[in-house]
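Undergrad: take a look and give me a structure for this.
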Amino acid sequence: MFDILWRSVAVGVGGTVLMDLWAILLSFLPGQRWPNWAPVGRWFWHLRSGKVFHDDIGKATPYEHELALGWIGHYAVGILYGVLLVAVAGAAWLDAPTFLPAWAVGIVTVGAGWFLLQPGLGLGWAASKLPNANRVRLLNLAAHTVFAAGMYGTALLIR
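TA: Here you go, the predicted structure:
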């Protein structure tokens, strides 16, 4: 059981690391920013008081360690998705990983960003309040595909 758990955690971490490397690479392109998990950390901080949706997370009361909390939350969610992948695909997937289950979980998890995190930050459902919403959605799908590739690749490395 412990073997399955640590490998599931590693799969989630591996996917998250590759997703972060992807975001850092994209940040060198015009119009792309360096990843900033501080607003997400502020959002996580306000969850403790039951506040899920904000009109603008930037106007919510700041938290001193929101950047660190954002990174921790980002990796915790990635780990949760790695565990979810193994729970859905079955523990045998860890011994013979294939891309399709990882990609399916990666794409399904975009929904959490579109329908929980983005409205929680005040960006609207699926970033609908942003002027470049379709671009954001496309980048979300690409990032979660990279996340899936990272989960799959990590599973291959540790099988």
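
Undergrad: where are the low-confidence patches of this structure?
TA: Along the chain, no part satisfies pLDDT under 70.

Undergrad: in it, which spans are helices?
TA: Ranges of helices within the chain are 2-26, 38-47, 66-89, 99-108, 110-112, 118-121, 133-158, based on DSSP state H.

Undergrad: quick one: which of the ones you listed is nearest Lys59?
TA: Within the helices of the chain, the stretch nearest Lys59 is helix 38-47; the backing value is 10.1 Å (CB to CB). For the C-beta atoms, the positions are set from N, CA and C on the backbone; glycine is no exception.

Undergrad: ok, residues contacting that closest one?
TA: Under the criterion CB atoms under 8 Å, 6 or more residues apart in numbering, residues 54, 57-58, 60-63, 65-74, 117, 120-121 lie in contact with helix 38-47.

Undergrad: and the angle from that helix to helix 66-89?
TA: 80 degrees (axes from the mean of the first three to the mean of the last three CA atoms, to 10 degrees).

Undergrad: in helix 38-47, what's buried?
TA: Buried residues in helix 38-47, counted by 16 or more other CB atoms under 10 Å: 38-46.

Undergrad: going through the contacts of helix 38-47, which ones are buried?
TA: 54, 57, 60, 63, 66-67, 69-71, 73-74, 117, 120-121.

Undergrad: out of the buried residues of helix 38-47, which comes closest to Val108?
TA: Using CB to CB, Val40 is the member of these that lies nearest Val108, at 19.6 Å.

Undergrad: now that closest one: how far from Gln118?
TA: 10 Å (CB to CB, to the nearest Å).

Undergrad: next one: Trp71
TA: Going from Trp71 to Gln118 by CB to CB gives 18 Å.

Undergrad: which residues touch the nearest residue to Pro97 once chain neighbours are set aside?
TA: Nearest residue to Pro97, sequence neighbours excluded (CB to CB, 6 or more residues apart in numbering): Ala155, at 3.7 Å. By CB under 8 Å, 6+ apart, the residues touching Ala155 are 7, 11, 14, 93-94, 97, 102.
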